[in-house]
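**Student:** here is my input; please provide its structure:
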Amino acid sequence: MARAMRALALTELIRGATDGERDDLTAELDACRDWIAERAVDAPANFRHLQWWIDAERAAARGESFAAVAAFDAALSEDGVQDCPWHQALITERAGLAYLDLGLERAGRMLLTTAYGHYRDWGATAKTAQMLAIHPFLRETGTRAGLLLTTGRPVRPTGSFGIVSEPGSSQVTNRSTPISTDTLDLLAILDAARAISSETTLEQLRTRVTEILGAITGATTVHLLLPDPGEGWQLPVPERQGGSAASPDAGQTMIDLEEAGRRGILPLSALRYAQRTRQPLLVADATLDDRFTDDPYLTGLGHCSLLVVPIYAQGTPRAILVLENRLAARAFTTDRLNAVVLIAGQLAVSLDNALLLSSLERKVTERTAALNAANAQLAQLSITDALTGLANRRHLNQTLEEEWTKARVSGEPIGAIMIDIDHFKLFNDHYGHLGGDTCLKQVAGAIRHHVRGNDLAARYGGEEFAVILPGATWDATRQIAERIRAAVAALDEPHQQSPFGFVTISVGVASTVPDDVTSPERLVAAADTALYDAKNSGRNQVASGELHRAP
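**Tutor:** A predicted model of the protein is given here:
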């Protein structure tokens, strides 16, 4: 942009330069132009319109009228100029001035009118005021520029500004049809209402309302307040500013009015006044209005035009619009107030639609979360023994395969423990099946309490249990098995049919480092063989098994 601005300055210097100076200035201008042209090769959307613009200015400065007109037209036809409002405004204005210099009065005025609308769209209030002072004819066509701003559709009038056609339209009125300011304002309001009605989320709706009302009214700040679940009102602020409650919109939080007043975001006195009267409030300059001069928000301000509009639907408050302009007094007129009130009707409907959609999306999210939780619970149930809460046989086999594969890669050992409740059939016959179920749950609890965090305890079947111990050596596996055996004995659960007088278990253990010739089934078989050795040796003890390798 430094080169573009330097090029513009050089074209002005060229106009008043002598022949000798003009060559040096033109050379410097060409260097700026060539630099931008090189960038336009790789990024035409960013630079091509600037290249054409400099070509147009250069041609105009050198008196090459036809080349200047063609280059300005090319610059304004580039897609990239649409993406940068102030580029579009400035190039259009310069084209209009060039046309006037060439004596093309009607075309020049049309371009300056369009440029005036672009500057308003960009929010350059000082520039638009300057243009009105320099070009009085813009006062008669300012409304048309405003229509261009609010609708986003250029209005292309004739020299008398009586013929209006839309881009892409093949029909143009053949006679001059006067269009009043009221008609243009109504068209702008209808387009604004249509734009608002197309938004479906609160965040998008706030953004669109801010853009549209700022354009139509000239407000420098627009706030949209929504009712909170209680009796108060909430204002969305960027998340980095913090807040008291989460907003339904990403990147924002909601704060109440008192907090907004403390932060100096809103003039609370004017807002309370509009709430109390339930009527729109239009203040030419709140800094001079006795009703609001004591409001801390206004302290130190030179001017503050205010427009506060409560929005109701069927007698119920739906929102409050707060518009302000600190640049000048009397920034808002009665006509602008009427426009806002008309747009507020559509805004109330759009708010209800957005809130309904948000509610539906929230319910869908909640039900999706509940469904995911139910699915997770179902998945957990599918791998869990219903009586003991330990893993079931299917999950045991799956985990053993996975841990065996990992251990074979890492070279770490893996241990297995097989457990059987001693004389459990006699226990069932004596105490009944309910008593047997209670016994199984107590033994399962002792096992679960004494295994490590990464071990898997499972019900193997009937009164048998198994434990898989990743990374456990022979000694570690036997120590854990002994802790489990002692814990079950410590339960001191009566068992009159046992020679011990209480419930005991027999335990077999095995451990190995997986390799290509062993298998997880052989590990379990070794622990199971050791279990039967423990039972045959008198029960209530731990026995170690030998892992028989395949040939």
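
**Student:** and the gap between Ile14 and Gly300?
**Tutor:** 47 Å (Cβ to Cβ, to the nearest Å). Placement of C-beta: from N, CA and C, glycine included.

**Student:** higher neighbour count, the two?
**Tutor:** Residue environment comparison for Ile14 versus Gly300 gives the larger neighbour count to Ile14, 21 against 7, counting by other Cβ atoms under 10 Å.

**Student:** can you show me the strands along the stretch 351-500 of the chain?
**Tutor:** Secondary structure of the stretch 351-500 of the chain by DSSP state E, counting those that start in this stretch: the strands cover 414-421, 456-461, 464-470.

**Student:** adding distance to Trp52, mean pLDDT and mean neighbour count, write those out as CSV.
**Tutor:** As requested, the strands of the stretch 351-500 of the chain are exported to CSV (distance: least, Cβ to Cβ, whole Å; pLDDT from 0 to 100; neighbours: other Cβ atoms under 10 Å):
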stretch, distance to Trp52, mean pLDDT, mean neighbour count
strand 414-421, 74, 96, 26
strand 456-461, 73, 94, 21
strand 464-470, 71, 96, 25
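
**Student:** to Met5, which of these lies closest?
**Tutor:** Closest of these to Met5 is strand 464-470, at 69.9 Å (criterion: Cβ to Cβ).

**Student:** who are the packing partners of that closest one?
**Tutor:** The elements that strand 464-470 packs onto, with contact taken as 3 or more Cβ pairs under 8 Å, 6 or more residues apart in numbering; DSSP states H and E, are helix 393-410, strand 414-421, helix 424-450, strand 456-461, helix 474-490.

**Student:** output those in JSON lines; the columns should cover distance to Leu281.
**Tutor:** As requested, these are arranged in JSON lines below (distance: least, Cβ to Cβ, whole Å):
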{"stretch": "helix 393-410", "distance to Leu281": "69"}
{"stretch": "strand 414-421", "distance to Leu281": "78"}
{"stretch": "helix 424-450", "distance to Leu281": "69"}
{"stretch": "strand 456-461", "distance to Leu281": "70"}
{"stretch": "helix 474-490", "distance to Leu281": "77"}
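
**Student:** out of these, deepest packed?
**Tutor:** A comparison of those by mean neighbour count, using mean count of other Cβ atoms under 10 Å, puts strand 414-421 on top with a mean of 26.

**Student:** neighbouring strands - and their directions - for that strand?
**Tutor:** Strand pairing for strand 414-421, using DSSP bridges, gives strand 464-470 (antiparallel), strand 505-512 (antiparallel).

**Student:** which stretch among the strands of the stretch 351-500 of the chain comes nearest Ser65?
**Tutor:** Between Ser65 and the strands of the stretch 351-500 of the chain, the shortest gap by Cβ to Cβ is with strand 464-470, which sits at 86.7 Å.

**Student:** quick one: residues in contact with that closest one.
**Tutor:** 390, 396, 399-400, 403, 406-407, 412, 414-421, 443-444, 447, 451-452, 454-460, 476-477, 480-481, 484, 511, 524, 527 (Cβ atoms under 8 Å, 6 or more residues apart in numbering).

**Student:** now it, how far from the chain's geometric center?
**Tutor:** A distance of 47 Å separates the centroid of the chain from that of strand 464-470, by Cα atoms, centre = their mean, to the nearest Å.

**Student:** circling back: right, and the strands of the stretch 351-500 of the chain - which one's nearest Trp233?
**Tutor:** Nearest to Trp233 among the strands of the stretch 351-500 of the chain is strand 456-461; the distance by Cβ to Cβ comes to 55.9 Å.

**Student:** element containing Phe332, please.
**Tutor:** Assignment of secondary structure by DSSP states H and E places Phe332 within no helix or strand.

**Student:** for Leu97, that is, sorry about that
**Tutor:** Element membership for Leu97, per DSSP H and E: helix 85-101.

**Student:** can you give me the buried ones in the helix or strand just after that helix?
**Tutor:** Once helix 85-101 ends, the next helix or strand along the chain (criterion: DSSP H and E) is helix 105-122. By neighbour count, with 16 or more other Cβ atoms under 10 Å as the criterion, the buried positions of helix 105-122 are 107-122.

**Student:** give me the contact list for the host helix or strand of Trp35.
**Tutor:** For Trp35, the host element (DSSP H and E) is helix 19-42. With contact meaning Cβ under 8 Å, 6+ apart, helix 19-42 is reached by 3-4, 6-7, 10-11, 13-14, 17, 46-48, 50-51, 54-55, 58, 62.
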